[in-house]
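S.K.: Okay, sequence plus prediction incoming.
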Amino acid sequence: MPFHRISQWTGGFFEDTSLTKIGLEIHLGHQGKPCPEVTDDWYNTDDEGDNFAEGQWVPLVNDPRTTTVVDTSGVHSLMIRFCRCASALGPDMQLFEIGLFPASFTSPKTAFTFAVLDDFLLDNLECGTSAMNYYSKLRRITSSVFPHLVPDRYRELMRVGRQWRQLKQLKWHGFGHEKQKPKAGELALFCPACPQPGVNINLAERNVSDPAWLYSRSLVMDGNFKAEHMFPANPTDGLGFMVSDGRYKLHLAEAQDIAKTSRHNLEATGIGGCACARHGCFVPHSMVDFQKGERQMNMDYALCQALGYNTDGIDRALTFYDINCQYHKHLHRRVEESPYLDLPWGMEVIPGIGLWHVHGHQDKCYVWYASNFITGAARIDGEIMETLWAPLNIISPSARGMSTPHRKECLDFQMNNCNFMKMIRMSKFLCRKFKEATADDDTLVKWEAEAAAAQDDRLENPSAMDIYEVKMTKAPTRKQQELHLLTRHARWPAGEIHRGAATWLASGITLEEAQVALLIDVKKLGRRPTNAQKLAIAQRHNRLQGQIDEFVRVTVTFLGDQLDEYDKLDLMTMMLDAAELDSAGSSSDDPDRPDDEDRYDTPVKFTPETLVIPLPSNIGIERCAEWGVANLVLQEISLREGQANDTLHAIRVNLADKAVLFRTTVRSAKSQAQSTCAWARVHSVDKILHLNVQMYSKCRSQLIHLGADDLLVKLRPLEKANLKATTVVADPNARGQRNSTLAWFWSIDVQGDSTSNDWMNEFYRVHWLRTLALRDRWAEELLLVGQEMIWTVDFFLHKSQRWVGRMQEADANQKQAQDSFERTKGMARVAE
């Protein structure tokens, strides 16, 4: 169609004009040639056309014989001549044949191109553009200087846009090829990855080994108060996602008198409904209007409609709702009491709460209703409905004043488009979920290799199958390591090893620990310590110096006279450097550490906490080898391992105690005094925790000096994130713990911790159960995503088969019509 703009030279400049002004006429019905039945002077005298201005500023023709055509390029006045032959189609059908949608089916004087209608629907869909704004844009495109002089076809666009949208819906869902009328929910798409009997699954052929939860319908329920609606003039029903008005209002009247809205002139204060909890697809015919708030009677109707959509044979449904802990209590009673509510027979409805909303509930609601602990829930958060309201909110303001059917059509179209976009991205979405569920883990690869090697060697070496036994050996303590060394030395001949060296090394390690503790306390004194504090530190200095002197006196027995010649120790300091002092657990985790202005050492000349203890770790493994005491290095490594295990055990116990204090004391404090006492207990635990963290850091640095690389693989550095009180115990309903697991050092000595402390046994039990639930949800996710891939493929195969059937039926009908026409022509010849 000729919709381009032209300009005409006037002798001085180019002025806008139209093809109609220079004599363009469009003839229909005869391949562009004039109809012989049309005379030049004919035009419809009943319609004198629009009385709009005509001039050089508006490229239109004010002629009653012209037809106003609206296109994406603007508004045009075209001379369209219809075919007047006896066998010709009506004017409206002639316009349809050339791609124009008439605004009237009896005497069309305005038509819209298919392109402008598609563009309007797309603008309304993606940008929320109303019909008034869109047509205002077309008027400005037609005449940027005087847009108000362009003919107003806003109301025609409203009407034709609705008709075009409905025709598109009917065509997309196959009703353009069928004579039957669509039923409730048949003008809507649904999730291809959800189980739908008769569409993508056949429950009669289900595998008996499949778990019962595999064929479940997962739904999420929510409301949206942006989608308000004013009272309409002529309410009617929709056939998409919104429920039918008649039965829904009967249900509301039966449940309770319809409440008046809190704001005047509003028929609905919002909408609510259900969507697929795993993939975020709206469930057809399950969206309802709210009359006053989000009441149970509204959501009951939406839920029953959603559970009844393509669920024949499905006996399990998982529902997520913000207040399911209260909503689900009397759901079955409300359904039984209402004649308009019905749940599928035999279906078990399992309640759940989304992982974001559940943290606003009581602590017990987390373990009762969170998806982490629901069998068959896999890896879903139950909050996907919140993301689906965003595209609907785009058109909600423009839909507020629409008539009821128009509003339903707009909302249905928007939700259908949302489901369509989910559908075309489903393959990529499922592939991403599958990769998450089967993340490549080096540990899993190692375990699989061990299992394969064990199976290969089991005939020749049955002990290879020991990998299937649980390895729960208790981590040795420093005293156990010392006892083991002394017992072993007692069996060796004299002279081959230094007897009593283990006890000497253990005492040196004890001195180092005392130095660390004293150095931390000195650092806390600040600039202006009291006399009592100075006296206490001085007394500890004296005791520590005496112990160091005694240790050095005995050192000659084990290291020989070479120690006197080794002056490197005089230049060394044992004190923790600045990096170690600010390491994990020493700054923000230490409650009694003073402000920056007080963080200075007390000027003390006598500082035994900075002296170097003559241990192999301080002397060096090369120097020990030269002196012939290399065996002391191995003994110190053994004792250091025990020291590390002791400090890690103390860290675990203190973290568990801290978590218990938060749960039982801090959170339950009702007054300022109780809160102060509770935090004082937490701070005392923090002191001990801080001390053990520094001892472990010093122990690990000494192991580095001893070259214990194999041991350092197990004894990793401590980070601040590892030293937080676990929220599973301290705050079981805290956010962000869905994927949380314990730090690496919790698995070093589970048996020892559990047998020595009843609370630690309970601590490990809770964490083990939560980790087991996390593992089960991931296993379910892997199985369910694989099955959803199959369901998605079967869904599209089912749809393709239906469309192929429609195509074959249309071809058969066309052939029958052609045969009938040939038979009619043959009978006409016989009659002649």
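M.R.: Alright, I've got the coordinates.
S.K.: sec struct for Ala625, please.
M.R.: For Ala625, the secondary structure call by DSSP: H, G, I helix; E, B strand; the rest coil comes out as helix.
S.K.: That one: neighbour count?
M.R.: Ala625 is flanked by 11 other residues according to other C-beta atoms under 10 Å. C-beta: built from backbone N, CA, C; applies to glycine.
S.K.: Kindly report the same for Gly376.
M.R.: By the measure other C-beta under 10 Å, the count of residues near Gly376 is 20.
S.K.: Show the contacting residues for it.
M.R.: Gly376 makes contact with Pro211, Ala212, Trp213, Leu214, Ser216, Arg316, Leu318, Glu780 under the criterion C-beta atoms under 8 Å, 6 or more residues apart in numbering.
S.K.: which is the next helix or strand following the worst-scoring helix or strand of the chain on mean pLDDT?
M.R.: Here the helix or strand of the chain ranked lowest by mean pLDDT, DSSP states H and E is helix 578-581, holding a mean of 40. Downstream of helix 578-581, the next assigned helix or strand under DSSP states H and E is helix 616-619.
S.K.: looking just at contacts, which helices and strands does that following helix meet?
M.R.: Under the contact criterion of 3 or more C-beta pairs under 8 Å, 6 or more residues apart in numbering; DSSP states H and E, helix 616-619 touches helix 630-661, helix 672-706.
S.K.: Turn these into JSON lines, columns for mean pLDDT.
M.R.: Below are those laid out as JSON lines (pLDDT from 0 to 100):
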{"stretch": "helix 630-661", "mean pLDDT": "82"}
{"stretch": "helix 672-706", "mean pLDDT": "85"}
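S.K.: from these, which stretch is densest packed?
M.R.: Per residue and on average, the most neighbours among those fall to helix 630-661, with a mean of 22 (mean count of other C-beta atoms under 10 Å).
S.K.: Retrieve the pLDDT associated with Ala306.
M.R.: Looking at Ala306, its pLDDT reads 92.
S.K.: Would you mind naming the helix or strand containing it?
M.R.: With DSSP H and E as the criterion, Ala306 is inside helix 296-307.
S.K.: May I ask which of the contacts of Gly376 comes out lowest in pLDDT?
M.R.: Scanning the contacts of Gly376 for pLDDT, the low point is Ala212. It has 85.
S.K.: so how many other residues sit close to it?
M.R.: Close neighbours of Ala212, defined as other C-beta under 10 Å, add up to 11.
S.K.: how about the nearest residue to it, chain neighbours excluded?
M.R.: Computed as C-beta to C-beta, 6 or more residues apart in numbering, the closest residue to Ala212 that is not its neighbour in sequence is Arg316, at 6.6 Å.
S.K.: That neighbour and Leu214 touch, don't they?
M.R.: No: when contacts are counted by C-beta atoms under 8 Å, Arg316 is not listed as touching Leu214 (9.2 Å).
S.K.: picking that back up, counting contacts, what elements does the helix holding Ala306 pack onto?
M.R.: Secondary-structure packing of helix 296-307 (3+ C-beta pairs under 8 Å, 6+ apart): strand 217-224, helix 245-255, strand 270-276, strand 288-290, helix 331-337.
S.K.: now for these, which one comes closest to Ala454?
M.R.: Closest of those to Ala454 is strand 217-224, at 39.3 Å (criterion: C-beta to C-beta).
S.K.: so for that closest one, what's the average pLDDT?
M.R.: On average, strand 217-224 scores 90.
S.K.: Could you shift the numbering so residue one becomes 129, and keep it that way?
M.R.: All set: I'll call the first residue 129, so the last point we hit is now strand 345-352.
S.K.: Would you list the strands that it pairs with, along with their directions?
M.R.: Using DSSP bridges, strand 345-352 pairs in its sheet with strand 398-404 (antiparallel), strand 444-448 (parallel).
S.K.: and the angle for that strand with helix 424-435?
M.R.: Interaxial angle, strand 345-352 versus helix 424-435 (axes from the mean of the first three to the mean of the last three C-alpha atoms, to 10 degrees): 140 degrees.
S.K.: Check the offset of strand 345-352 from the chain's centre.
M.R.: A distance of 15 Å separates the centroid of the chain from that of strand 345-352, by C-alpha atoms, centre = their mean, to the nearest Å.
S.K.: go on, stretch 515-528?
M.R.: For stretch 515-528, the separation from the chain centroid amounts to 21 Å (computed by C-alpha atoms, centre = their mean).
S.K.: CA atoms only: put that stretch into CSV for me.
M.R.: The C-alpha coordinates for stretch 515-528 follow below in CSV (Å, rounded to 0.1, in the frame of the first residue of the first chain):
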residue,chain,number,x,y,z
THR,A,515,9.1,-11.2,39.9
LEU,A,516,6.0,-11.8,37.8
TRP,A,517,4.2,-8.7,38.9
ALA,A,518,6.7,-6.3,37.4
PRO,A,519,5.5,-6.7,33.7
LEU,A,520,1.9,-6.5,34.9
ASN,A,521,2.5,-3.3,36.8
ILE,A,522,3.5,-1.7,33.5
ILE,A,523,-0.1,-1.7,32.2
SER,A,524,-1.9,-1.6,35.5
PRO,A,525,-2.3,2.2,35.5
SER,A,526,-3.8,2.2,32.0
ALA,A,527,-6.0,-0.8,32.8
ARG,A,528,-7.4,0.9,35.9
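S.K.: Other residues contacting it?
M.R.: With C-beta under 8 Å, 6+ apart as the test, stretch 515-528 has contacts from 252-256, 258, 350, 352, 354-358, 399, 403, 408, 410, 534-535, 538-539, 542-543, 545-546.
S.K.: Ser271 versus Leu285, what's the distance?
M.R.: Remark: distance between Leu285 and Ser271 (C-beta to C-beta, to the nearest Å) = 17 Å.
S.K.: mind listing what the closest residue to Phe418 other than its chain neighbours touches?
M.R.: Nearest residue to Phe418 in three dimensions, chain neighbours excluded: Gly398, at 4.5 Å (C-beta to C-beta, 6+ apart). Taking C-beta under 8 Å, 6+ apart, we find Gly398 in contact with Gly351, Asn352, Phe353, Lys354, Ala355, Glu356, Asp417, Phe418, Glu422.
S.K.: Name the member of those with the most neighbours.
M.R.: Most surrounded of the contacts of Gly398: other C-beta under 10 Å gives Ala355, at 26 neighbours.
S.K.: If I look at it, what pLDDT would I see?
M.R.: Note for Ala355: predicted pLDDT of 72.
S.K.: Assign it to helix, strand or coil.
M.R.: Under three-state DSSP, Ala355 falls in the coil class.
S.K.: Distance of it relative to Glu254?
M.R.: Distance from Ala355 to Glu254, by C-beta to C-beta: 18 Å.
S.K.: same check, this time on Gln800
M.R.: To Glu254, Gln800 is 56 Å away according to C-beta to C-beta.
S.K.: All the helices of the stretch 829-960 of the chain, residue numbers only.
M.R.: Assigned by DSSP state H, counting those that start in this stretch, the stretch 829-960 of the chain shows helices spanning 837-842, 855-858, 878-884, 886-959.
S.K.: which residues sit against the first one?
M.R.: Residues from elsewhere that reach helix 837-842 (C-beta under 8 Å, 6+ apart): Ile765, Arg768, Glu769, Arg828, Leu831, Ile832, Ile876.
S.K.: Now do the contacts for the first one.
M.R.: For Ile765, the set of contacting residues under the criterion of C-beta under 8 Å, 6+ apart consists of Leu831, Leu834, Ala836, Leu839.
S.K.: Kindly recompute the last result at 10 Å.
M.R.: Contacts for Ile765 were tallied using C-beta atoms under 10 Å, 6 or more residues apart in numbering; they are Gln609, Pro744, Ser745, Ile749, Gln830, Leu831, Leu834, Gly835, Ala836, Asp838, Leu839.
S.K.: and Ile134, what are its phi and psi?
M.R.: When read as degrees, to the nearest 10, the backbone of Ile134 gives phi -130, psi 160.
S.K.: and if you look at Lys798?
M.R.: When read as degrees, to the nearest 10, the backbone of Lys798 gives phi -110, psi -10.
S.K.: What separation is there between it and Cys805?
M.R.: The gap separating Lys798 from Cys805 is 12 Å, by C-beta to C-beta.
S.K.: same check, this time on Ala634
M.R.: Going from Ala634 to Cys805 by C-beta to C-beta gives 38 Å.
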